[in-house]
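K.L.:
Sequence first, predicted model second:
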Amino acid sequence: MTKTRKRKQKWTLKRTGGRASFWMFTFLIIAFFSTPLLWLVFAPFDLTPRLNIKLPTLSFNNFHEMSQNPYAIHSLLNSLLFSVGTGLLVICVGAPASYALSRVKFVGRDLFLYILLLFSSVVTGTAAMVPIFLLCLNLGLINTFYGVILVMGGGLLPAAIFILKDFTDSTPKSYEESARIFGASSFQILRNIVVPIIRPGLAVIFVWAFVGAWGDFLVPFILIRAPERSPAAVLMYSFYTEGGQAMLTTLAAFALLYTVPVIVMYLYVNKRYGFRFYGGIKG
Amino acid sequence: MLFLFPSAIFITIFLIIPAVWTLYLGLTNYSLTGLAAANPKFVGLQNYATVLKDPEFYNSFKLTIIFVIGSAIIGQALLGFIIAWTFSDKPGKLRSFVEVIIILAWMVPSSVVTFLWSAFLNGQNGTLNKIIGGQTEWLITHPMLSIIVFNSWRGAAFSVLLFGAAIAAVPKSHLEVARIAGASKYRQLRDIIVPASRGHILTNLLLISLWSFNLFTPYLLTGGGPGGKTEILPIFVYEKALRYFNFGIASAIATIMLLINFVFALIVIRRGKQK
């Protein structure tokens, strides 16, 4: 009798101990991941932002100050241009390729795609920085919007094709066959049948490429020299006074404006398709 | 076949040519300054000899290994697995709350997070020092630790999501049987969950190692300093190429990086085929 009670006691003790340590762990994880981000929640609305996180003296002065900066708004527009351009490029070039690859079978196709995918994640990094720089120098693409869009698009393309192929694989072939009997060309089939069916896939890829280009620092950092053409990612690093102090007022407002579109896109994709899918394809 | 044409051109110009070009440049003494800028010469394997004799290269290589093990394997994968496992049987709301915060850390553009972290770690006014009541300039006194913690924070989401999915795919009945048989949580983990998600664990480890190995973002936190203490290979290549404009040497290092990447990639592909 006493033995069972003891055991029971020990068990509850262990259980409460387990629960306590679980909540402790949860608290630490939440604190670790959220604390650095909190600055972005408070500082933009603070009359006197500091480096540390503090409750703000509410004010929209920072946004006003930011709008006085000649490059700030402009750089957000540049980012928008890069991101939309990259997104469109990736789906316009990637969709036909993924369609063709899903309809035409050849030996080693999947392996080929897989190699391409890994290859792209390897080459777009710092390893190919020098030739990318030289390539754009020779093609006259330094300091141009095209250069950045083409390089970013090229880097994202293999992964886009890889994912879009999953979508095109699942479109029913019978639609295309009947269209072909009525004399539709391949291009008409692509535009009028395949594209409408894989529209969710195109949307995901567009958002994915958009977010990738929006956050990319390295490519515009290397290829763009003129401040009026810099995207937000690069301009973030220019808000310093002559004394080398960060201009926290402008920076806070700017960082928030720069971050919000990504969060909005994430929420959109999360709501429509579930973020697990989105999560699985980032990289 | 016509449909493949545009993407074939793209991939050739922006992926294959740069890769081949890297190989070629590594064999020349091309640079933007000095005599070699006007007519670069073919120097064979001389750059590789220089690089392989350079103690700075070995130092950078060592730092990269420390960075990958610390931030990718321990920070992201291990922590990610612990988080995914801890919350795998917890109510959906708490779990999604934690997940959303971790994903936010992953979503926010890198320029912004690096600023947030340099503010967070600042010596005089940083939030971390305000919390623990110190004055440590973390990025100067503990630069490597700082970028490791930063990258763990930044990239944990991928592992949490991937392992979360892997653990959810373990058949419930197996766990139930184990529980009835009186297996502890640890035994369940060791004997059921880990073996069942071994494929995911391996793929994840390889992918995040690959990404961390090529990561340039720490540059925005420490600039490779102080005194080269965080000069991991991507930053090393950047410095050689775009600061000293020594393209030959930079390309040789980049080629070595590509080779290491390819070994990684081959392992991933072999894993992929086995699945």
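P.N.:
Noted; the coordinates are in hand.
K.L.:
send the alpha carbons of the host helix or strand of residue B:93 over as PDB?
P.N.:
Here residue B:93 sits within helix B:92-107, counting by DSSP states H and E. Provided in PDB are the C-alpha atoms of helix B:92-107 (Å, rounded to 0.1, in the frame of the first residue of the first chain):
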ATOM      1  CA  GLY B  92      -2.100  22.900 -31.900                       C
ATOM      2  CA  LYS B  93      -2.500  26.500 -30.700                       C
ATOM      3  CA  LEU B  94       0.700  26.600 -28.500                       C
ATOM      4  CA  ARG B  95       2.500  24.800 -31.200                       C
ATOM      5  CA  SER B  96       1.600  27.100 -34.000                       C
ATOM      6  CA  PHE B  97       2.300  30.100 -31.900                       C
ATOM      7  CA  VAL B  98       5.900  28.900 -31.300                       C
ATOM      8  CA  GLU B  99       6.200  27.900 -34.900                       C
ATOM      9  CA  VAL B 100       5.000  31.300 -36.200                       C
ATOM     10  CA  ILE B 101       7.600  33.100 -34.100                       C
ATOM     11  CA  ILE B 102      10.400  30.800 -35.300                       C
ATOM     12  CA  ILE B 103       9.200  31.300 -38.900                       C
ATOM     13  CA  LEU B 104       9.200  35.100 -38.500                       C
ATOM     14  CA  ALA B 105      12.800  34.900 -37.600                       C
ATOM     15  CA  TRP B 106      13.400  33.100 -40.800                       C
ATOM     16  CA  MET B 107      11.200  35.400 -43.000                       C
END
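K.L.:
What's the mean pLDDT across it?
P.N.:
Averaged across helix B:92-107, the pLDDT comes to 88.
K.L.:
For that helix, which outside residues touch it?
P.N.:
For helix B:92-107, contacts defined as Cβ atoms under 8 Å, 6 or more residues apart in numbering or on different chains pick out A:26, A:29-30, A:33-34, A:36-37, A:211, A:262-263, A:266, A:275, A:279, A:282, B:83, B:87, B:113, B:153-158, B:160-161, B:164. C-beta coordinates here come from the backbone N, C-alpha and C atoms, glycine included.
K.L.:
got the CA positions of the very next helix or strand once past that helix in PDB?
P.N.:
On the C-terminal side of helix B:92-107, the closest following helix or strand by DSSP H and E is helix B:110-120. Taking Å, rounded to 0.1, in the frame of the first residue of the first chain, the C-alpha atoms of helix B:110-120 are listed here in PDB:
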ATOM      1  CA  SER B 110      18.500  39.400 -43.900                       C
ATOM      2  CA  SER B 111      19.500  43.100 -43.800                       C
ATOM      3  CA  VAL B 112      16.900  43.700 -41.200                       C
ATOM      4  CA  VAL B 113      17.700  40.700 -39.000                       C
ATOM      5  CA  THR B 114      21.400  41.500 -39.000                       C
ATOM      6  CA  PHE B 115      20.700  45.000 -37.900                       C
ATOM      7  CA  LEU B 116      18.300  43.700 -35.200                       C
ATOM      8  CA  TRP B 117      21.000  41.400 -34.000                       C
ATOM      9  CA  SER B 118      23.800  44.000 -34.000                       C
ATOM     10  CA  ALA B 119      21.400  46.200 -31.900                       C
ATOM     11  CA  PHE B 120      20.500  43.300 -29.700                       C
END
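K.L.:
Next SSE downstream of helix B:110-120?
P.N.:
Later in the chain than helix B:110-120, the nearest helix or strand by DSSP H and E is helix B:127-132.
K.L.:
does chain B sit close to stretch A:166-175?
P.N.:
No - Stretch A:166-175 does not reach chain B (Cβ under 8 Å from any Cβ of the partner chain); its nearest approach is 10.6 Å.
K.L.:
Extract the C-alpha set from that stretch and format it as CSV.
P.N.:
The C-alpha coordinates for stretch A:166-175 follow below in CSV (Å, rounded to 0.1, in the frame of the first residue of the first chain):
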residue,chain,number,x,y,z
ASP,A,166,5.0,18.7,-59.6
PHE,A,167,2.0,20.8,-60.5
THR,A,168,2.1,20.2,-64.2
ASP,A,169,2.5,16.5,-63.6
SER,A,170,-0.9,16.4,-61.8
THR,A,171,-2.8,18.2,-64.6
PRO,A,172,-5.0,15.7,-66.5
LYS,A,173,-3.7,14.9,-70.0
SER,A,174,-7.2,14.3,-71.4
TYR,A,175,-7.9,18.0,-71.6
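K.L.:
Okay, buried residues for it please.
P.N.:
A:167-168, A:171 (16 or more other Cβ atoms under 10 Å in any protein chain shown).
K.L.:
In CSV, list the residues you listed along with secondary structure, distance to residue B:191 and pLDDT.
P.N.:
Shown next, in CSV, are the buried residues of stretch A:166-175 (DSSP: H, G, I helix; E, B strand; the rest coil; distance: Cβ to Cβ, whole Å; pLDDT from 0 to 100):
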residue, secondary structure, distance to residue B:191, pLDDT
A:167, helix, 38, 79
A:168, helix, 41, 81
A:171, coil, 43, 75
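K.L.:
from the residues you listed, which single one is nearest residue A:249?
P.N.:
Using Cβ to Cβ, residue A:167 comes nearest to residue A:249 of the buried residues of stretch A:166-175, at 45.4 Å.
K.L.:
Show me the shaky parts of the stretch 1-150 of chain B.
P.N.:
Counting by pLDDT under 70, the stretch 1-150 of chain B has low-confidence residues at B:1, B:32-39.
K.L.:
ditto for chain A
P.N.:
Along chain A, the model assigns pLDDT under 70 to residues A:1-16, A:121-125, A:127, A:241-244, A:273-283.
K.L.:
Relative to chain B, which residue of it is the closest?
P.N.:
residue A:154 (2.6 Å; Cβ to the nearest Cβ).
K.L.:
Where do the helices of the stretch 51-200 of chain A begin and end?
P.N.:
For the stretch 51-200 of chain A, helices defined by DSSP state H, counting those that start in this stretch occupy the ranges A:61-68, A:72-103, A:109-123, A:129-138, A:145-169, A:173-181, A:186-189, A:195-197, A:199-215.
K.L.:
can I get those in CSV with distance to residue B:42?
P.N.:
Below are these laid out as CSV (distance: least, Cβ to Cβ, whole Å):
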stretch, distance to residue B:42
helix A:61-68, 51
helix A:72-103, 35
helix A:109-123, 23
helix A:129-138, 16
helix A:145-169, 27
helix A:173-181, 52
helix A:186-189, 46
helix A:195-197, 49
helix A:199-215, 37
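K.L.:
wait, which of those is closest to residue B:55?
P.N.:
helix A:129-138 (22.6 Å).
K.L.:
Would you mind getting the angle between the helix holding residue B:93 and helix A:199-215?
P.N.:
50 degrees (axes from the mean of the first three to the mean of the last three Cα atoms, to 10 degrees).
K.L.:
Helix B:110-120 and helix B:92-107, what's the angle between them?
P.N.:
Using the same axes, to 10 degrees: helix B:92-107 against helix B:110-120 is 100 degrees.
K.L.:
Quick one, which of the contacts of helix B:92-107 are buried?
P.N.:
With burial judged by 16+ other Cβ under 10 Å, the buried subset of the contacts of helix B:92-107 is A:26, A:29, A:33-34, A:36-37, A:211, A:262, A:266, A:275, A:279, A:282, B:83, B:87, B:113, B:153-158, B:160-161, B:164.
K.L.:
so what's the residue of chain B found nearest chain A up against?
P.N.:
In chain B, the residue that lies nearest chain A is residue B:14 (2.6 Å; Cβ to the nearest Cβ). Shown in contact with residue B:14 (Cβ under 8 Å, 6+ apart): A:132, A:135, A:150-151, A:153-155.
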